[in-house]
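In: Show me how the following folds:
(chains A and B)
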Amino acid sequence: MKYVDEFRNADLARGLARAITQAVAPGHRYNLMEFCGGHTHAIARHGLRALLPPEIELIHGPGCPVCVLPIGRIDQAIALARDHGVLLCTYADLMRVPASNASSLMKARSQGADVRMVYSAIDALKLAQQHPDREVVFLAIGFETTTPPTASVLRQARALGLRNFSVLCNHVLTPPAMRGILGPAPGNETSAHLHGFIGPAHVSTVIGSEPYRFCADDYHRPVVITGFEPLDVMQAVLMLVRQLNEGRAEIENQFTRSVTPLGNQKAQALMAEVFELRDSFEWRGLGSLPHSALKLRPEYASFDAEQRFAAPYRAVADAKACECGAILRGEKRPQDCRVFGTVCTPDNPIGSCMVSSEGACAAHYTYGRFMTDMPTIAEKPGATA
Amino acid sequence: MCLAVPARVVECLEGVRALIDLEGVRMEISLELLDDVRPGDYVIVHVGYAIGKLDEDEALATLQAMAAMAQADAREGAQP
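Out: Presented below is the predicted three-dimensional model:
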């Protein structure tokens, strides 16, 4: 597949791995956070950890919208479907996220609630047109990548004068979450252990590379916006190592094939037309972060499910044994959680990071643990299998 | 969730929509978020929308830069 296969070339990957090993200063630490769950998935799937020298640590970040959605938001959606009888549609990743009382959207559906999976927000709009007698609610989640499609559908719904369609908006923003990880203010940082960021590609296709400038200017942390293929990640690691060696903190763009400094301004204008900033939004693991999420503008109030139905958000504590919060902050690794891989598996997730394929726990369970946690058979010359 | 895939635009359809080809799978997507998309262009597709175009020259330049870095001299860029 074009733009995929050529970025998975094994010889080039080995060459980049050699270059990285030669570039690291022995004994020096390079703690790099991949913000986006897409990178977490790619790193685990392609076994990139095994190509990197021990001086480099890759720390999983909170860039998985399913993972950072707190339990109370799923409860809110279940309440709409169960108590208000709405036809609730959402992306497949959300269906199995554990909610309060051992429930989930999937379980609510098995108990009779009308919950449907959709591929696109457009499909939710179509359902509203096909069922004029039903209230159709689209449970919208996602970072800046996924927000413009929701905005597009809301604008269409308004133009069509649809009266039975609304959105339960949980769209969140990348730069405020990075600020949340780095610490409330420069000089008052909670992230001394983080040396640089592998920045998201598709989010940046929409917002551009400029919004990350505060990482370099205020916190002196380099960011390299990076594609999702294995060679992209390897090149970005080398770019970050070089910046750190030279004491630079710059916003570099590895994904120039689609990311520009200003991003997709048409998509940004559409988002600004439909959404405005929330004062504050609660993230799983990161707590309440100011101006870190979006809500519908007053002109779209009649399409806002939170205003249309009495289903307020209530904060709910995570399961006690679950370490998703610390994992999302980059403080712990999936294998540090005592329920990882035993009680909590992709078939029976306890925490959200085990649900989405981009969650750190699901990625590590599916791919990574075979390289790090499992005892391996020593490869001795002449040994027989 | 933010998974998006590169796909080739086969045909531009009415109502800012397009037919794309993903390794033989054809589907309709929206072009509402982009301007000036033509058949043959590659776009990044996410939840039924093209969110960005892919620039072939930049992709080739990136691959060339990777090859140069992969073959760079052992000591280049290293800190003592």
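In: quick one, what contacts A:Glu55?
Out: A:24-30 (Cβ atoms under 8 Å, 6 or more residues apart in numbering or on different chains). C-beta coordinates here come from the backbone N, C-alpha and C atoms, glycine included.
In: The residue of the stretch 51-200 of chain A found nearest chain B: neighbour count?
Out: Going by Cβ to the nearest Cβ, chain B is nearest to A:Ser120 of the stretch 51-200 of chain A, at 3.1 Å. For A:Ser120, the count of nearby residues is 19 (other Cβ atoms under 10 Å in any protein chain shown).
In: Return the distance of the biggest helix by length in chain A from the chain's centre.
Out: Of all the segments of type helix in chain A, defined by DSSP state H, the longest one is helix A:230-245. Relative to its chain's centre, helix A:230-245 lies at 21 Å (Cα atoms, centre = their mean, to the nearest Å).
In: right, and the helix or strand after it?
Out: strand A:251-253 (DSSP states H and E).
In: tell me the mean pLDDT for that next one?
Out: For strand A:251-253, mean pLDDT is 98.
In: Now do the strands in the stretch 51-200 of chain A.
Out: Taking DSSP state E, counting those that start in this stretch as the test, the strands found in the stretch 51-200 of chain A are A:56-63, A:87-90, A:115-117, A:136-142, A:165-171, A:196-199.
In: Could I get the phi/psi values of A:Ala216?
Out: Main-chain dihedrals, A:Ala216, degrees, to the nearest 10: phi -80, psi -50.
In: Neighbours of it, how many?
Out: By other Cβ under 10 Å, the residues close to A:Ala216 number 19.
In: Which residues are in contact with it?
Out: A:222-223, A:249-251.
In: Would you format those as a markdown table with neighbour count included?
Out: A markdown table is the format used below for the contacts of A:Ala216 (neighbours: other Cβ atoms under 10 Å in any protein chain shown):
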| residue | neighbour count |
| --- | --- |
| A:Pro222 | 25 |
| A:Val223 | 29 |
| A:Ala249 | 18 |
| A:Glu250 | 14 |
| A:Ile251 | 22 |
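In: How far does stretch A:327-342 stretch from one end to the other?
Out: For stretch A:327-342, the separation between the terminal residues is 17 Å (Cα to Cα, to the nearest Å).
In: need the residues of the stretch 201-350 of chain A near chain B, please.
Out: The stretch 201-350 of chain A comes close to chain B at residues A:202-203, A:205-206, A:231-232, A:234-235, A:238, A:241-242, A:245-246, A:254, A:256-259, A:264, A:266-267, A:270, as judged by Cβ under 8 Å from any Cβ of the partner chain.
In: For the residue in chain B that chain A sits nearest to, which non-adjacent residue is spatially closest?
Out: Relative to chain A, the nearest point of chain B is B:Ala70 (2.6 Å; Cβ to the nearest Cβ). Nearest non-adjacent residue to B:Ala70, counting by Cβ to Cβ, 6 or more residues apart in numbering or on different chains: A:Gly15, 2.6 Å away.
In: by how many degrees do the host helix or strand of the one you found and strand A:56-63 diverge?
Out: In this assignment (DSSP H and E), A:Gly15 forms part of helix A:10-23. Angle, helix A:10-23 to strand A:56-63, by axes from the mean of the first three to the mean of the last three Cα atoms, to 10 degrees: 110 degrees.
In: Give me the helices and strands touching helix A:10-23, please.
Out: On a contact count with 3 or more Cβ pairs under 8 Å, 6 or more residues apart in numbering or on different chains; DSSP states H and E, helix A:10-23 meets helix A:230-245, helix B:56-70.
In: buried set for the shortest one?
Out: Within helix B:56-70, the residues that count as buried by 16 or more other Cβ atoms under 10 Å in any protein chain shown are B:58-59, B:62-63, B:66-67, B:69-70.
In: which one's the longest strand in chain B?
Out: strand B:5-13 (DSSP state E).
In: Can you list the strands that the following helix or strand past that one pairs with?
Out: Per DSSP H and E, strand B:5-13 leads on to strand B:17-22 as the next helix or strand towards the C-terminus. Strand B:17-22 has the following strand partners under DSSP bridges: strand B:5-13 (antiparallel), strand B:25-30 (antiparallel).
In: out of those strands, deepest packed?
Out: strand B:5-13 (a mean of 17; mean count of other Cβ atoms under 10 Å in any protein chain shown).
In: Now the most centrally placed residue in chain B. Nearest residue, chain neighbours left out?
Out: Chain B has B:Leu54 as the residue nearest its centroid, 3.4 Å off, counting by Cα atoms, centre = their mean. Excluding the flanking residues, the one nearest B:Leu54 by Cβ to Cβ, 6+ apart is B:Tyr42, at 4.1 Å.
In: Quick check: bridge partners of the one you found?
Out: Beta bridges link B:Tyr42 to B:Arg8 when assigned by DSSP bridges.
In: Look up how far B:Arg8 lies from it.
Out: Applying Cβ to Cβ, to the nearest Å, the value for B:Tyr42 to B:Arg8 is 6 Å.
In: domains of chain A?
Out: Per automatic domain parsing, the domain ranges recorded for chain A read A:1-324, A:325-369.
In: Select, out of the ones you listed, the one closest to B:Met27.
Out: Taking Cβ to Cβ, domain A:1-324 is the member of the domains of chain A nearest to B:Met27, at 9.3 Å.
In: What's the separation between A:His291 and A:Pro148?
Out: Distance, A:His291 to A:Pro148, using Cβ to Cβ: 19 Å.
In: which residues touch residue 61?
Out: Just so you know, I chose chain A. Applying Cβ under 8 Å, 6+ apart, we find A:Gly61 in contact with A:33-37, A:40, A:181, A:197, A:328, A:330.
In: wrong one, chain B
Out: By Cβ under 8 Å, 6+ apart, B:Ala61 lies in contact with A:Thr256.
In: what's the neighbour count on the residue nearest to A:Ser302 when sequence neighbours are not counted?
Out: Leaving aside its chain neighbours, A:Ser302 sits nearest to A:Arg308 (7.0 Å; criterion: Cβ to Cβ, 6+ apart). By other Cβ under 10 Å, 19 other residues sit near A:Arg308.
In: Kindly report the same for A:Ile122.
Out: Neighbours of A:Ile122 under the rule other Cβ under 10 Å: 21.
In: Same question for A:Pro98.
Out: 22.
In: My read is that it contacts A:Ile350, right?
Out: Yes: because the distance of 6.4 Å satisfies Cβ atoms under 8 Å, A:Pro98 is recorded as touching A:Ile350.
In: shared neighbours of those two, anything?
Out: A:Ala319.
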